[in-house]
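Participant: Fold the stuff below for me.
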Amino acid sequence: MRIILAPMQGVIDYQMRELLTSVGGYDRCVTEFVRVTDHRVPEKVFFRYCPELETGGRTKSGIPVYLQLLGGDPKSMGLSARCAASLGAPGIDINFGCPAKTVNRHDGGSVLLKKPQRVFEIIHAVRENVSEQIPVSAKIRLGFEDDTLLSDIIGSAAEAGATELCIHARTRTQGYKAPAYWSAVGQVQQPAEMPITINGEIWTPSDVTKAMHQSNSEHIMLARGALSCPDLALQTKAWHRSENYTPMDWSHVVELVRDQFNSSTHFKGKYVGNRTKQWLSYLMRHYSEASSLFHRVKRCIQADEIMQHLNEQAL
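Facilitator: Have a look, this model is predicted:
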């Protein structure tokens, strides 16, 4: 089993990657997507999205971070992938899953799933521009409006030379609405040479077992579940190995929240604490204490006021 931390745009940035991988259980991270248009992405942009390039493409905990690209122009995607690899990215991931209307209107994300040939062309261009030693993965959904092209999409990715594929088990039309249709992945033929990772609506170790069984996948990607339960990856691996494990309690979690807030105070003015408030809203799913803390800080716009509430919780 391999557990990957998802690239949630505007949510799981490099600071959150650092924090969650320090808790443990993850085998890989993926950056937020870097938008590629009609030219190669400048080097400084890669460093902004992936500061881990300064440390060998790994978090301080030693977890590799793949750099994710999003775009519809094969040539620019290939050149950008070559640049990212030259800067030390341990792997390149391609985003075919983003459901945002703005992204789709500008020829990126899940709209590309409408034509499996385009999936092939983009992956092939990236594969041709990086060495064989650099993995090229891709993240897709079941399809755009339905899953009728899923088999063709998977086949196109494999033929183009993708190292592996992560499938968010919902269509673009289904967005993030529960449930996730893990069994739709299990119903299509999966290339033996291209491992499949399953993603979507995984909140507990029990969900992991169901998702892996229904999808015939050996690996998982955690997204919102990782935010609502910071040690979900550790819990999952203990569950998978039939090992005893005591889940992280609130006193430990609130220390992580303080660390996250301290690392994000570069957000100024009305944006101070936005990422912390956002994280607390996810934590409420597993920790009742997060709800009361969230309601105390949600209207705070001063860093010291937010820190005071966090310190009071940590006592």
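
Participant: Which of the three states applies to Leu79?
Facilitator: Following DSSP: H, G, I helix; E, B strand; the rest coil, the label given to Leu79 is helix.

Participant: To clarify, my last question referred to Leu165.
Facilitator: Assignment for Leu165 (three-state DSSP): strand.

Participant: how deep is it tucked in, by neighbour count?
Facilitator: The number of residues packed near Leu165 is 24, by other C-beta atoms under 10 Å. Using the backbone N, CA and C atoms, a C-beta is placed for each residue, glycine as well.

Participant: same question, Asp207
Facilitator: 19.

Participant: Next: the one 3 residues further on.
Facilitator: The number of residues packed around Lys210, counting by other C-beta under 10 Å, is 14.

Participant: my read is it is in a strand, agree?
Facilitator: No. Using three-state DSSP, the assignment for Lys210 is helix, not a strand.

Participant: isn't it right next to Ser183, touching?
Facilitator: No. Checked against C-beta atoms under 8 Å, the pair Lys210 and Ser183 is beyond contact range at 9.6 Å.

Participant: Can you show me the helices along the stretch 201-315 of the chain?
Facilitator: 205-215, 224-228, 232-240, 250-263, 274-283, 288-297, 303-314 (DSSP state H, counting those that start in this stretch).

Participant: Alpha carbons only: can I get the second one in PDB?
Facilitator: Okay, so that is helix 224-228. C-alpha atoms of helix 224-228 as PDB (Å, rounded to 0.1, in the frame of the first residue of the first chain):
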ATOM      1  CA  ARG A 224     -10.100  16.200   2.800                       C
ATOM      2  CA  GLY A 225      -9.800  13.100   5.000                       C
ATOM      3  CA  ALA A 226      -6.200  14.100   5.700                       C
ATOM      4  CA  LEU A 227      -7.300  17.500   6.800                       C
ATOM      5  CA  SER A 228     -10.100  16.300   9.000                       C
END
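
Participant: and it, what other elements does it pack with?
Facilitator: helix 232-240, helix 274-283 (3 or more C-beta pairs under 8 Å, 6 or more residues apart in numbering; DSSP states H and E).

Participant: buried set for the first one?
Facilitator: Within helix 232-240, the residues that qualify as buried by neighbour count (16 or more other C-beta atoms under 10 Å) are Leu232, Ala233, Leu234, Gln235, Thr236, Lys237, Ala238.

Participant: so what's the first one up against?
Facilitator: The neighbourhood of Leu232, defined by C-beta atoms under 8 Å, 6 or more residues apart in numbering, consists of Gly25, Trp203, Thr204, Pro205, Leu222, Gly225, Ala226.

Participant: So for the closest residue to Cys98 other than its chain neighbours, what pLDDT did the model give?
Facilitator: Among residues not flanking Cys98 along the chain, Gly109 sits closest, at 3.1 Å (C-beta to C-beta, 6 or more residues apart in numbering). pLDDT for Gly109: 97.

Participant: what's the distance between Gly109 and His213?
Facilitator: The gap separating Gly109 from His213 is 29 Å, by C-beta to C-beta, to the nearest Å.

Participant: one step back: just put the contacts of Leu232 in JSON lines and tack on pLDDT, neighbour count and distance to Met8.
Facilitator: Output for the contacts of Leu232, formatted as JSON lines (pLDDT from 0 to 100; neighbours: other C-beta atoms under 10 Å; distance: C-beta to C-beta, whole Å):
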{"residue": "Gly25", "pLDDT": "98", "neighbour count": "20", "distance to Met8": "17"}
{"residue": "Trp203", "pLDDT": "98", "neighbour count": "17", "distance to Met8": "15"}
{"residue": "Thr204", "pLDDT": "97", "neighbour count": "16", "distance to Met8": "19"}
{"residue": "Pro205", "pLDDT": "96", "neighbour count": "19", "distance to Met8": "20"}
{"residue": "Leu222", "pLDDT": "98", "neighbour count": "25", "distance to Met8": "10"}
{"residue": "Gly225", "pLDDT": "98", "neighbour count": "24", "distance to Met8": "11"}
{"residue": "Ala226", "pLDDT": "98", "neighbour count": "26", "distance to Met8": "9"}
